[in-house]
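Have a look; sequence and predicted model below, questions after that.
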Amino acid sequence: MCWKKLVPIAVAALLASAWPQPARADSLVVTLTEATQTVVQGTTLVEFDATISAPSSNAATDYINSDSSTTNSMAITVDTQDYLANTPVSLDPGESSGPTPFELFTVTLPADLAPGMYGGIVSILGGADNGAGTAFDDLADVSFTVDVTSAVVTPEPMTLLLLALGLAGLAALRNRRILSR
């Protein structure tokens, strides 16, 4: 093929890729009870509860078929085992999963995970036609964060007693020096 014929095709492809695409609006709204949770180092499971609702502006019933997840660290894993058991099969426009949040997913952390911020995204997949071509469309994405803090070391009661006795001894020694002058 002649390069003169390829130039208009390349320009058209470049313009099409640079043209702004309409933003995808989630057809479901997922509200986490706590999108960011703070835990102490050594915690191994963090539960994320949520409610799911379909906006009344939706054109049809959304069928919820599956989920997927990604994380910012290979050290943590997202478990959605109870997701389909807890999630309604479908939501009509204006309908909600209910007033009470349910367990959407859990995050598993290694006991020796270093303090820091860990997170990811859970996506709810499904479609408006109960599987006829849109069975695994991305209906909603929800971001989560787990803030792992270092374990606080609390002194033993005997350590506090020894500290108090030492401070009392220093105070007595100081008073003794003042009185001997």
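Received, thanks.

and the end-to-end length of stretch 126-144?
Start-to-end span of stretch 126-144 (C-alpha to C-alpha, to the nearest Å) is 21 Å.

where's the lengthiest helix in the chain relative to the chain centroid, distance-wise?
As assigned by DSSP state H, the longest helix anywhere in the chain is helix 157-179. With C-alpha atoms, centre = their mean, to the nearest Å as the basis, helix 157-179 stands 50 Å off its chain's centre.

what is the mean pLDDT for it?
Summarised as a single mean, pLDDT over helix 157-179 is 74.

How about stretch 88-97?
Computed over stretch 88-97, the average pLDDT equals 91.

list the buried ones in that stretch?
Going by neighbour count (16 or more other C-beta atoms under 10 Å), the buried part of stretch 88-97 is Pro88, Ser90, Leu91, Glu95, Ser97. C-betas here are computed from N, CA, C, even on glycine.

what does stretch 138-145 give?
Of the residues in stretch 138-145, those with enough neighbours to count as buried (16+ other C-beta under 10 Å) are Leu139, Ala140, Asp141, Val142, Phe144.

who touches that stretch?
24, 26-30, 32, 35-37, 48, 50, 52, 62, 64, 104-105, 107, 117-127 (C-beta atoms under 8 Å, 6 or more residues apart in numbering).

let's see 6 Å
The list of residues contacting stretch 138-145 from outside it, by C-beta atoms under 6 Å, 6 or more residues apart in numbering, reads 26-28, 30, 32, 35-36, 48, 62, 117, 119, 121-124, 126.

How about stretch 47-65?
Judged by C-beta under 6 Å, 6+ apart, the contacts made with stretch 47-65 from elsewhere in the structure are 27-33, 87, 90-97, 101, 103-106, 125-128, 130, 135, 139, 144.

what's the pLDDT at Leu113?
Model confidence at Leu113, expressed as pLDDT, equals 94.

Name all residues that make contact with it.
When contacts are counted by C-beta under 6 Å, 6+ apart, Leu113 touches Ala75, Val148.

Could you rerun that using 10 Å?
Contacts for Leu113 were tallied using C-beta atoms under 10 Å, 6 or more residues apart in numbering; they are Val39, Gln41, Gly42, Thr43, Thr44, Ser73, Ala75, Ile76, Val146, Val148.

helices or strands next to the longest helix of the chain in the packing?
Based on contacts counted as 3 or more C-beta pairs under 10 Å, 6 or more residues apart in numbering; DSSP states H and E, there is no element that helix 157-179 packs against.
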